[in-house]
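Participant: Predicted model and sequence below, questions to follow.
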Amino acid sequence: MFLTAYKSNAETYTASVQFETISPVLVFENQVVNFGRSIMKKRGDCEMLLSPTSITDTTPSNIIGTASSNNTICPISNDLTPGQYELSGVKGEAITVSLIGSNDRLGSAWGFEPKGIFYPLGLSESASGSVSATVIPNGGAGTQVNLSANGQATLYVGGVLTINDLSTLNTSAPLISTFIIDVIY
């Protein structure tokens, strides 16, 4: 009987894998959503519309909030100020933006449903030609948009303030609430 020794030509090698994660989209609040000091203490709605919805050869910093004609608790000339939020992330990257509000404040005495417009320009960037805004509704799966070539964008938020119950609202007392701006790649 012959015994033969076998020698293997195989080798085990431990290889490496490398990757880097990108930083999340950063959101900076420059201006809070403000419905002013003239909200009437009665049941109803105040809708802040945002305009203009397109800009030409300018920066997106001149967006204003105006009351819609369907308002029942704020005058058309109300001092409405839209929220202004700067977004910063990976240059030209697609993102999904969601606004999530609730109609459950102080029990259900009042609520805010945010609605926004998104410009793919940062506040220091200028449009070359016409740039249109993308409407960002309240809730839902979000809206896909792109950051600018410099990785910037501006989000303006208005929406609908609804008063349902007057018993828990104090006159001349500021009412403050929150909503969610959800931004993901």
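Facilitator: Cool, the structure landed.
Participant: When you work out contacts or count neighbours from here on, use the C-alpha atoms and nothing else.
Facilitator: Noted.
Participant: Count the residues that sit near residue 185.
Facilitator: Using other C-alpha atoms under 10 Å, residue 185 has 16 other residues around it.
Participant: Okay, buried residues for stretch 21-30 please.
Facilitator: By neighbour count on 16 or more other C-alpha atoms under 10 Å, the buried set for stretch 21-30 is 25, 27.
Participant: who touches that stretch?
Facilitator: Here stretch 21-30 makes contact (C-alpha atoms under 8 Å, 6 or more residues apart in numbering) with 83-90, 183-185.
Participant: Likewise for stretch 142-153?
Facilitator: Residues outside stretch 142-153 that contact it (C-alpha under 8 Å, 6+ apart): 86-99, 118-123, 134, 136.
Participant: measure it end to end?
Facilitator: 16 Å (C-alpha to C-alpha, to the nearest Å).
Participant: ok now that stretch, how far from the chain's centre?
Facilitator: Put simply, stretch 142-153 sits 11 Å off its chain's centre (C-alpha atoms, centre = their mean, to the nearest Å).
Participant: can you give me the mean pLDDT across it?
Facilitator: What stretch 142-153 shows for mean pLDDT is 92.
Participant: In it, which residues are buried?
Facilitator: Neighbour count says stretch 142-153 has 142-143, 145-148, 150-153 buried, by 16+ other C-alpha under 10 Å.
Participant: Narrow those residues to those in strands?
Facilitator: Secondary structure from DSSP state E places 143, 145-146, 152-153 of the buried residues of stretch 142-153 in strands.
Participant: Buried members of the contacts of stretch 21-30 into ChimeraX, please.
Facilitator: Only the buried entries of the contacts of stretch 21-30 go into this ChimeraX selection, using 16+ other C-alpha under 10 Å:
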select :83,84,85,86,87,88,89,90,183,185
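Participant: Next SSE downstream of the helix or strand of the chain with the lowest mean pLDDT?
Facilitator: Across the helices and strands of the chain, mean confidence by mean pLDDT, DSSP states H and E is lowest for strand 102-105: a mean of 57. Counting by DSSP states H and E, the next helix or strand C-terminal to strand 102-105 is strand 110-119.
Participant: what's the following helix or strand after that following strand?
Facilitator: strand 130-132.
Participant: Paired strands for the helix or strand just after that next one, with orientation please.
Facilitator: Using DSSP H and E, the helix or strand that follows strand 130-132 in sequence is strand 134-136. Using DSSP bridges, the strands paired with strand 134-136 are strand 110-119 (antiparallel).
Participant: For the partner strand, output the C-alpha coordinates as CSV.
Facilitator: Taking Å, rounded to 0.1, in the frame of the first residue of the first chain, the C-alpha atoms of strand 110-119 are listed here in CSV:
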residue,chain,number,x,y,z
TRP,A,110,-56.5,73.8,17.5
GLY,A,111,-54.3,72.3,14.9
PHE,A,112,-51.8,73.2,12.2
GLU,A,113,-51.4,71.4,8.9
PRO,A,114,-48.2,72.5,7.2
LYS,A,115,-48.0,73.0,3.4
GLY,A,116,-44.7,74.0,1.8
ILE,A,117,-42.9,75.0,-1.3
PHE,A,118,-39.4,73.7,-2.1
TYR,A,119,-36.9,75.6,-4.2
